[in-house]
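K.L.:
requesting a structural model of the entry that follows:
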Amino acid sequence: MDVGPRQQGRLLALLLARAGRPVSATDLIELVWGEDAPASATNVIHKYVGTLRRLMEPSLPLRASGTYLRRHGSGYLFAPAPAPGSLDLFRFRELVGAARAKLTAGDRDAALDRYAQALGLWRGPAGDTYAHGTTSMSIFAALDQEFLDGCVPAAELAMSLDRPTRVLRPLRLAASMAPFHEPVQASLIATLGASGHQAEALGLFRTVRTRLVKELGMDPGEALQAAHRRVLAGTATSVPNGPTGEGTRQRARSWPVPLVRPAQLPPDLPAFVGRTAELATLAGMFEDTADARGTGPLVVALDGMGGVGKSTLAAHFAHLVAGDFTDGQLYLDLRAEQPESDGLSASDALGSLLSSQGFHMSSVPETLAARVGIYRSLTAGRKLLVFLDNALDAVQVRPLLPNSPECLVLVTSRSPLVDLAVRDGAHLLHLDPPDMPTARRLVQRRLKDAPNRSPAGSAPVSGTLDEIIEMCGRLPLALAILAGRLSARPRLALEDVAAELRDGARRLTAFAGNHGVSDPRAAFAWSYRQLSPDAARLFRLSSAAMPAGISAEAFASMSQNPPVQTRAMVRELAAAALLDEDDRGRFTSHVLVRAYAQELILAKESVRDREAAVDRLLHHYLHSSHQAALRLVPTSPAAAPTPAPAGVIAERPDSYDAAMRWFDDHREVLFEAVRRAAEGDFVVPPWRLALTIWPWLRLTGRFHDWQDVMRVALRAANGSGDDLGAAHAMWSLADSCYHFASYDEALDLLTRAREIFTERGMIAELGGVHSALHRIHSQLGRHERALAENERARSLYRAAGFEQGEIWAGVARGRTLVRLGAPGEAMVCLDEALAQSEKVGPGTDEPAIRILIAECLALLGRQSQARDQLEQGLRAAVEAHSRIDVFDASAQLCATLLDLDDVPGACQAWRGACDAMHAMQNGGTRRMRDTVCDLGDRLLEVTPFASRSEDTQR
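P.N.:
You can find the predicted model right below:
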């Protein structure tokens, strides 16, 4: 049907995709418009719903709720009742569920019929052209995934029943929808081959392989390779055997051999889920080695923190490829992670391997060299899979490598075995905790057979489960333990488990296992025991750092250790998988590792030492942020902080750009530091730290963060009776209120700050308050009052000897004179301010001055000169990384170029203004959005439709 405007169709598609579940008006607005929602979005949603109701039910009276689109709180839901099968998505899910039930009951023919009916309902990608924005696209992608997940088992079932053509049409559709989905592509290849279309199947394999190599840089995985072999086996009468290495094998048989082919792999995990990317990487390594025919075995060493699932992944992959190793599989636990153990020695490990191969220990020599020689001779020319679990280091592993290029060795360890990669050509694969969808599936898979347990039930239950998963840091070992607890205790509520986990200091008690059962604390304790004493203390102190991360420099200040020594300790912690380093050089801990460090710091460090470490850390951020702020505003009137305690070494960005990068890299940490300072009785007042962030917040247009951090600082100052701190916080907070047009609150804050600064005789700060009062009164049209406030500010700045403040006052006076329609007089003030600014040195004043000069020139009818000033101002704003000035210069340049009939240039400037606005937090201010809309309307009036850019038309 014709569903009307595009947004109306998008709304219907989203409600259908979420059928049976309410969607709030806020979420609907975000899903339909994203960040471009109009102010009237809520009313538009209501209007669309009314229109859609009448489209679906033409006889519906006006304002009636109808059968399908129902109001739910502030939002809506689509209710497919009462007609059964009225929504194909629900019908699809019912049929898939029925197919699985029939399969469980052993009725495979009926199961295939249900699958075929379900897959036949699909017509193409869900949402189709109505997918818009990351969130809504992910909703439709999840529906597509349901279709893909149904195609693969249906194909296997159809081929097993020798009825492959039943699923060919939906498989072709699925393959066209997901060109990189290997299981789907593999299912189509195998089904084509089983249907007699061998040539098409082989051609498709070549196409998919080329696509994977060209687009993703990877070869086909195991599923595709297996499907390819399956087709080849069906088209060839015989497959000749290649060289068998019989001579070598005959020589090897002079050694004792086991009576049976070794098959020592630990069982595969029945509930294994996820790790798709890692499995693809492993498969790619395996296929590359098979093609290359190297001179040594393929060695893959998996590393990661304790409990992340290294052994589980290695065992799963080993089972997938075990059939390719005709001489069997060997497994050995090297026991490096056993409590109070340094692991199995290489000599003992070789003894175990030789014993499993038919040697009596009495005949095995004692020396390591002799055992290595026998092992290498025994494995020469053989196709073995060797799984070495829980290795300590490369020294322990190296003697256990088999002497055959046809062998595969899988090794797991906490630390990356770099030396094994350097000397033995091992491939290193690091494992992180799985993503949220995979972690959720892991828990749900383990709980699906538990009585009275519905992990994917109502929204509150699902939300609590997600919270539990996040508080476990998505660590597979922790999730498995909790799933076991929940399965064993059906009456244990998810909320009770969540409450237990919310206490960070006692979080690990929720995972305490029975005797013989590993748990996260035991896993972390082993890594902790391997640390040097200094690194162990640094690990304990890491729990006092901000969760957003800590740099090596901040670690040095907090621990009072020299920076070079601290970097070595941090590297030691990272190698032990107790810290992770991001691309900005910051170190973070997994949430459960952090909980373990918190237990240790409470047990081993005194209250005084803990508080002193936090004080040093806060001083580090205060002094580092102050140094960075001085690069942005060299003559800031804000008072310098008191000297730092001994051992604190501030970071000192060496340029303006470096200071901007420093703030970008540390923004989350600095916000957390302000809150931490406000929550405890620390030496660093939160307002001092907040003031150092002020210049960066203003330049980058982070208006909401600016307000939040200053309100935290103000509450803390008021709570501690710190009038001076409150005055500084009110001064900055009022400046942020100006950008939100909250003028009454700003005037109240400035009035109170002025009283405090006056009592204390703080002249430069008083000048800043009067400058802020000037801006507000000027914006409110009280220009005479504004000039008086500005003159007072200039006098105070001059009395304080603050030359930069005098420049600000000159600029402010010029701005007001422009508003009063006196461009000539304003030009005198602004030219003088520009000259003073250039004399003081490079700063952030030039863009604003040139923008105002251009405004004066425009009023005087000198548009070309105004354009030149704006272009210079825009370049200066870009160099200063000042998003506000970039926006103002671009917007005014757009208007000026329109006056000069330069429409293409005006369009380009308008897009620059849009980009600057969208780069700011929450898309800038209301004033900016109104300016962009007004300029857009002007552009639409003068731009022929055919030549409009897509952005301009939007």
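K.L.:
when you work out contacts or count neighbours from here on, use the C-alpha atoms and nothing else.
P.N.:
Will do.
K.L.:
any idea which helix or strand comes after the lowest-mean-pLDDT helix or strand in the chain?
P.N.:
The helix or strand of the chain with the poorest confidence is helix 246-252; it has a mean of 35 (mean pLDDT, DSSP states H and E). Once the chain leaves helix 246-252, the next helix or strand it forms, by DSSP states H and E, is helix 276-292.
K.L.:
contacts for that next one?
P.N.:
Applying Cα atoms under 8 Å, 6 or more residues apart in numbering, the contact partners of helix 276-292 are Met218, Asp219, Pro220, Gly221, Glu222, Leu298, Phe317, Glu406.
K.L.:
for this protein, which helix is longest?
P.N.:
helix 133-160 (DSSP state H).
K.L.:
list the buried ones in that helix?
P.N.:
Buried residues in helix 133-160, counted by 16 or more other Cα atoms under 10 Å: 136-137, 139-141, 143-144, 147-148, 150-159.
K.L.:
Ala536: neighbour count?
P.N.:
20 (other Cα atoms under 10 Å).
K.L.:
circling back to that earlier point, let me know the closest of the contacts of helix 276-292 to Leu860.
P.N.:
Met218 (64.1 Å; Cα to Cα).
K.L.:
return the residues in contact with that closest one.
P.N.:
Met218 touches Leu212, Gly284, counting by Cα under 8 Å, 6+ apart.
K.L.:
am I right that it falls within a helix?
P.N.:
No. Met218: not assigned to a helix; according to DSSP: H, G, I helix; E, B strand; the rest coil it is coil.
K.L.:
let me see the backbone angles for it.
P.N.:
phi -140, psi 150 (degrees, to the nearest 10).
K.L.:
gap between it and Val184?
P.N.:
17 Å (Cα to Cα, to the nearest Å).
K.L.:
likewise Ser778?
P.N.:
Counting by Cα to Cα - Ser778 and Val184 are separated by 65 Å.
K.L.:
again, but for Ala64
P.N.:
45 Å.
K.L.:
ok, the two, which is more surrounded?
P.N.:
Val184 (27 against 11).
K.L.:
which SS state does the more buried one fall under?
P.N.:
Under the three-state scheme (three-state DSSP), Val184 adopts helix.
K.L.:
next: Asp2.
P.N.:
Asp2 ends up coil, using three-state DSSP.
K.L.:
same deal with the one 10 residues further on?
P.N.:
Secondary structure of Leu12, reduced to three states by three-state DSSP: helix.
K.L.:
burial count for it?
P.N.:
Leu12 sits with 21 neighbouring residues when counted by other Cα under 10 Å.
K.L.:
and it, what does it touch?
P.N.:
Contacts of Leu12 (Cα under 8 Å, 6+ apart): Leu52.
K.L.:
what do you get for Cys737?
P.N.:
Gln707, Tyr743, Glu745, Ala746.
K.L.:
list just the nearest of those to Ala19.
P.N.:
So of the contacts of Cys737, ranked by how close each gets to Ala19 (Cα to Cα), first place is Gln707, at 39.1 Å.
K.L.:
wait, that closest one sits on Asp735?
P.N.:
No. Counting by Cα atoms under 8 Å, Asp735 is not a contact partner of Gln707; they are 9.2 Å apart.
K.L.:
between the two, which one's more packed in?
P.N.:
Using other Cα under 10 Å as the criterion, Gln707 and Asp735 rank with Asp735 on top: 28 against 20.
K.L.:
leaving out the residues flanking it, which one is nearest to that one?
P.N.:
Ala772 (6.6 Å; Cα to Cα, 6 or more residues apart in numbering).
K.L.:
can you pull out the strands in the stretch 51-200 of the chain?
P.N.:
69-72, 75-78 (DSSP state E, counting those that start in this stretch).
K.L.:
swap in the stretch 451-600 of the chain?
P.N.:
550-551, 580-581, 586-588.
K.L.:
also the stretch 301-450 of the chain?
P.N.:
Along the stretch 301-450 of the chain, the stretches classed as strands by DSSP E, counting those that start in this stretch are 329-333, 385-391, 408-413, 427-430.
K.L.:
and the pLDDT at the spatially closest residue to Glu495 that is not a sequence neighbour?
P.N.:
Once flanking residues are discounted, Glu495 sits nearest to Thr464: 6.5 Å by Cα to Cα, 6+ apart. At Thr464, the pLDDT value in this model is 81.
K.L.:
let the chain start at 40 from now.
P.N.:
Sure, I'll start counting at 40 from here, so that last one is Thr503.
K.L.:
neighbours of Thr503, just the number please.
P.N.:
Thr503 has 19 nearby residues by other Cα under 10 Å.
K.L.:
Ala667 too?
P.N.:
By other Cα under 10 Å, neighbour count at Ala667 equals 30.
K.L.:
for it, give its distance to Leu661.
P.N.:
Relative to Leu661, and taking Cα to Cα, Ala667 is found at 10 Å.
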